[in-house]
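Visitor: Below: sequence and its predicted model.
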Amino acid sequence: MSEQMKAIGYQMNDAAPTSFEQDIPTAKGHDLLVKISAIAVNPVDTKVKASITSRLETPRILGWDAVGTVIEAGEKTTLLNTGDKIFYAGDISRPGCYASHQLVDERLAAKAPLILKPEQSAAMPLASITAWEALFSRLKIFPQYDDGKTILIIGGAGGVGSIAIQLAKVVAKLNVVTTASRPETEQWCRRLGADQVLNHSADLIGQYRTLNIDKPDYILCCADTDQYFDAMSALIAPEGMICGLVNSKTTYDMNALKTKSAGFIWEFMFTRPMFKTNNMTAHHNILNNIAELLDEGKIISTLKETLGPITPENITQAHRQLLSGKTIGKIALISM
Ligand SMILES: NC(=O)c1ccc[n+]([C@@H]2O[C@H](COP(=O)([O-])OP(=O)(O)OC[C@H]3O[C@@H](n4cnc5c(N)ncnc54)[C@H](OP(=O)(O)O)[C@@H]3O)[C@@H](O)[C@H]2O)c1
């Protein structure tokens, strides 16, 4: 009989998650087989769960933020090897990390930071890849050339905002204006390096006018794009660029950006793995950069809370917290 792994999965969107066992898969090609030591949760987990509208025979394993040890490497691997401690987000079209073991393509993973606990590392990959791609691939911010320009990061205290503030400050050397609606989230954003924190539950345009802040050259919206599109169009500086992360449910008047020659672009961090683009190794490179910045102490882990081991109860609690919309930084769980 093959060796078994443990996993937690969903058969329907309105059903509780269940624990089950299945054969441990074999690592082939570019795949690594990982024994998981810690994971983190993301809003996308709850969105994928919500999309399971007809009962699945095999439960869907969610979760796309993990750290663990490589125990088997496919025959085409060249970047990482057996025994390496790695961190990764992986590929949304494959089974996730609410499990004891997982396969991941080595081009999407990198060696985990040396100085962090597993749960501190697990907090980083998905949000860091998102923030890095948003800043440097989509908004096309060039460190050195763009020093001193201004970015507005809407929703600064969440998983993505928390690392975006740090990368915008430390790597891009921008002036960082962000938003938070509570004293504890405002304080969190300032601790991560934000220069100014506005309140997104009040009028953003009015706050810009009252405080006499320069118009942002870049805007990264880590919240509902529809809620902020009009304000972002009004606020963006001439020749500026806006990046959205959250699906729209409406249509936009792109003419609002025309006279300023401003642009809008989407970031979806699963684009490269999902379409198997030629530059999939970008995730390996981004995570290497993140590990180095963490080990050098230039940025800090965004972990805020560890809920305990990966169990159906703790996963359900983590989803409840994510759905509250009030998460600060990241929530992690440790191995089953
Ligand atoms: N496209 C992609 O590749 C990608 C990748 C990652 C995430 N996302 C999406 O981006 C969104 C943010 O992800 P996340 O991981 O950062 O989420 P998160 O950690 O759950 O974000 C929580 C934060 O959002 C803030 N917030 C709540 N409502 C807000 C509002 N109306 N306006 C501004 N901020 C608000 C809260 O701040 P206060 O408590 O101060 O209000 C809270 O600290 C999610 O919808 C997620 O699915 C997309």
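Guide: Yep, it's here.
Visitor: For the rest of this, base every contact and every neighbour count on C-alpha atoms.
Guide: Noted.
Visitor: wait, what's in contact with the closest residue to Leu56 other than its chain neighbours?
Guide: Leaving out its chain neighbours, the residue that sits closest to Leu56 by Cα to Cα, 6 or more residues apart in numbering is Gln11, at 4.7 Å. The contact partners of Gln11, by Cα atoms under 8 Å, 6 or more residues apart in numbering, come to 17, 52, 55-60.
Visitor: Write the PyMOL selection for whichever of these are buried.
Guide: The following PyMOL command selects only the buried members of these, with burial defined by 16 or more other Cα atoms under 10 Å:
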select buried, resi 17+52+59+60
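Visitor: Give me the nearest residue to the residue nearest the centre of the chain, chain neighbours excluded.
Guide: Central residue of the chain (Cα atoms, centre = their mean): Ala127, 1.9 Å from the mean position. Of all residues not flanking Ala127 in the chain, Val160 sits nearest, at 4.6 Å (Cα to Cα, 6+ apart).
Visitor: What residues of stretch 63-76 count as buried?
Guide: Of all the residues in stretch 63-76, those buried under the rule 16+ other Cα under 10 Å are 63-74.
Visitor: Dump those to CSV, plus pLDDT.
Guide: Listed next are the buried residues of stretch 63-76 as CSV, based on pLDDT from 0 to 100:
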residue, pLDDT
Gly63, 98
Trp64, 98
Asp65, 98
Ala66, 98
Val67, 98
Gly68, 98
Thr69, 98
Val70, 98
Ile71, 98
Glu72, 98
Ala73, 98
Gly74, 98
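Visitor: quick revisit: between the contacts of Gln11, which is nearest Arg190?
Guide: Pro17 (36.8 Å; Cα to Cα).
Visitor: Check the closest one and give its pLDDT.
Guide: Reported pLDDT at Pro17 in the predicted model: 96.
Visitor: mind listing what it touches?
Guide: Pro17 makes contact with 8-11, 312, 316, according to Cα under 8 Å, 6+ apart.
Visitor: Please name the nearest non-neighbouring residue to it.
Guide: Leaving out its chain neighbours, the residue that sits closest to Pro17 by Cα to Cα, 6+ apart is Tyr10, at 4.9 Å.
Visitor: got it, and Ala99?
Guide: Going by Cα to Cα, 6+ apart, Ala99 has Ala7 as its nearest residue, at 4.0 Å.
Visitor: Residues in a beta bridge with the one you found, which ones?
Guide: With beta bridges defined as DSSP bridges, Ala7 has these partners: Phe20, Ala99.
Visitor: domain ranges for the protein?
Guide: When the chain is parsed with automatic domain parsing, its domains come out as 4-124+278-334, 127-266.
Visitor: Show me the one of those that comes nearest the ligand.
Guide: domain 127-266 (3.3 Å; Cα to the nearest ligand atom).
Visitor: tell me how far the ends of the closest one are from each other?
Guide: Start to finish, the residues bounding domain 127-266 are 15 Å apart (Cα to Cα, to the nearest Å).
Visitor: Is that domain positioned near the ligand?
Guide: Yes. Applying Cα under 6 Å from any ligand atom, one finds domain 127-266 touching the ligand at 127, 130, 154-155, 157-161, 180-182, 185, 200, 222-223, 245-246.
Visitor: The residue nearest to Pro17: how many residues sit nearby?
Guide: The local packing count at Tyr10 equals 23, with neighbours defined by other Cα atoms under 10 Å.
Visitor: Thr311 versus that one, what's the distance?
Guide: Counting by Cα to Cα, the gap from Tyr10 to Thr311 is 13 Å.
Visitor: CA atoms of the lengthiest helix in the chain as PDB?
Guide: The helix of greatest length in the chain, counted in residues with DSSP state H as the criterion, is given as helix 282-295. Once side chains and other backbone atoms are set aside, the C-alpha atoms of helix 282-295 remain, and they are given as PDB (Å, rounded to 0.1, in the frame of the first residue of the first chain):
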ATOM      1  CA  ALA A 282       9.900  35.100 -11.900                       C
ATOM      2  CA  HIS A 283       8.100  33.700  -8.700                       C
ATOM      3  CA  HIS A 284      11.400  31.900  -7.800                       C
ATOM      4  CA  ASN A 285      13.300  35.100  -8.300                       C
ATOM      5  CA  ILE A 286      10.900  37.300  -6.400                       C
ATOM      6  CA  LEU A 287      10.800  34.900  -3.400                       C
ATOM      7  CA  ASN A 288      14.700  34.900  -3.400                       C
ATOM      8  CA  ASN A 289      14.600  38.700  -3.200                       C
ATOM      9  CA  ILE A 290      12.000  38.600  -0.400                       C
ATOM     10  CA  ALA A 291      14.000  35.900   1.600                       C
ATOM     11  CA  GLU A 292      17.200  38.100   1.300                       C
ATOM     12  CA  LEU A 293      15.400  41.300   2.400                       C
ATOM     13  CA  LEU A 294      14.000  39.400   5.400                       C
ATOM     14  CA  ASP A 295      17.300  37.800   6.400                       C
END
